[in-house]
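Asks: Quick one: sequence and predicted model below, then my questions.
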Amino acid sequence: GAVVSQHPSRVICKSGTSVKIECRSLDFQATTMFWYRQFPKQSLMLMATSNEGSKATYEQGVEKDKFLINHASLTLSTLTVTSAHPEDSSFYICSAGLNVQETQYFGPGTRLLVL
Amino acid sequence: KNEVEQSPQNLTAQEGEFITINCSYSVGISALHWLQQHPGGGIVSLFMLSSGKKKHGRLIATINIQEKHSSLHITASHPRDSAVYICARMGRNQFYFGTGTSLTVIP
């Protein structure tokens, strides 16, 4: 089946630094990818929809200047957490599908810890 | 108010038991997804339903569009089924997630 990878799987950084997370669709092209955040014991929360070749669509309450999304190709979307703070520590997951109405394939997630 | 409600929130079962997890949603859908999240965090898409019933191995998912309700059944449950099960409705262009059901199957 389709595979979505994420890199890195785990990152620890100091407060104030920026962290880039990559999401790749390995064997299919995805014009749309989704980015989610999950805090401990909570469900997934959609952060933004990443659209290839255009600006991302952010959910209410998600700061677009803090969470920069770039979908430069049909197989790669990146999420950059700028000036990270401890409250940004979370599990970040991406998903992609052939189109938004089809089965979504999830990346393995990235655990971010901001000290 | 969450547009997608799941029950129960937590479920403990003995190995071999038949398990049902319920999902209700408040608005019309184009598709409903059942996801499985393992303790390490990885998420697997189990089913995508727009009507009727689907079966994969010991897993069965049903949906009643009129009642806006879906169920996930696990037959002959096994400890390896222990995970969080999440239903999600696909809206126009995004997911709305339920809060998840944490399932523990005891040997």
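Replies: That came through fine.
Asks: tell me what the worst-scoring helix or strand of chain B on mean pLDDT is packed against?
Replies: Lowest mean confidence among the helices and strands of chain B (mean pLDDT, DSSP states H and E): strand B:95-97, at a mean of 84. Packing partners of strand B:95-97 (3 or more Cβ pairs under 8 Å, 6 or more residues apart in numbering or on different chains; DSSP states H and E): strand A:45-51, strand B:83-90. Every C-beta, even on glycine, is put in place using the N, C-alpha and C of the backbone.
Asks: So what sits opposite B:M48 in the bridge?
Replies: B:H33 (DSSP bridges).
Asks: That one: neighbour count?
Replies: Counted with other Cβ atoms under 10 Å in any protein chain shown, residues neighbouring B:M48 total 19.
Asks: Surely it is in contact with B:I29?
Replies: No. Judged on Cβ atoms under 8 Å, B:M48 makes no contact with B:I29 at a distance of 10.8 Å.
Asks: Chain A contacts on chain B?
Replies: Residues of chain B found near chain A (Cβ under 8 Å from any Cβ of the partner chain) are B:30-31, B:33, B:35, B:41-45, B:48, B:86, B:88, B:90, B:93-95, B:97-100.
Asks: show me the contacts for whichever residue of chain B sits closest to chain A.
Replies: Across chain B, the shortest distance to chain A (Cβ to the nearest Cβ) belongs to B:I43, at 3.9 Å. Neighbour list for B:I43: A:L44, A:I93, A:S95, A:F106, A:G109, B:L35, B:Q36, B:Q37, B:I86 [criterion: Cβ atoms under 8 Å, 6 or more residues apart in numbering or on different chains].
Asks: OK, contacts around the second one?
Replies: The contact partners of A:I93, by Cβ under 8 Å, 6+ apart, come to A:Q6, A:W35, A:Y36, A:R37, A:Q38, A:L44, A:F106, A:G107, A:G109, A:T110, B:G41, B:I43.
Asks: Name whatever forms a beta bridge with it.
Replies: Counting by DSSP bridges, A:I93 forms beta bridges with A:Y36.
Asks: Kindly provide the distance from it to A:S77.
Replies: 12 Å (Cβ to Cβ, to the nearest Å).
Asks: what residues do the two have in common as contacts?
Replies: Residues touching both A:I93 and A:S77 (Cβ under 8 Å, 6+ apart) are A:W35.
Asks: Redo the contacts of A:I93 as a markdown table? Include pLDDT.
Replies: Putting the contacts of A:I93 into a markdown table (pLDDT from 0 to 100) gives the following:
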| residue | pLDDT |
| --- | --- |
| A:Q6 | 96 |
| A:W35 | 95 |
| A:Y36 | 94 |
| A:R37 | 95 |
| A:Q38 | 93 |
| A:L44 | 88 |
| A:F106 | 92 |
| A:G107 | 94 |
| A:G109 | 95 |
| A:T110 | 97 |
| B:G41 | 86 |
| B:I43 | 91 |
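Asks: out of these, who's nearest A:K20?
Replies: A:T110 (10.0 Å; Cβ to Cβ).
Asks: any idea which residue sits dead centre in chain A?
Replies: A:W35 (3.7 Å; Cα atoms, centre = their mean).
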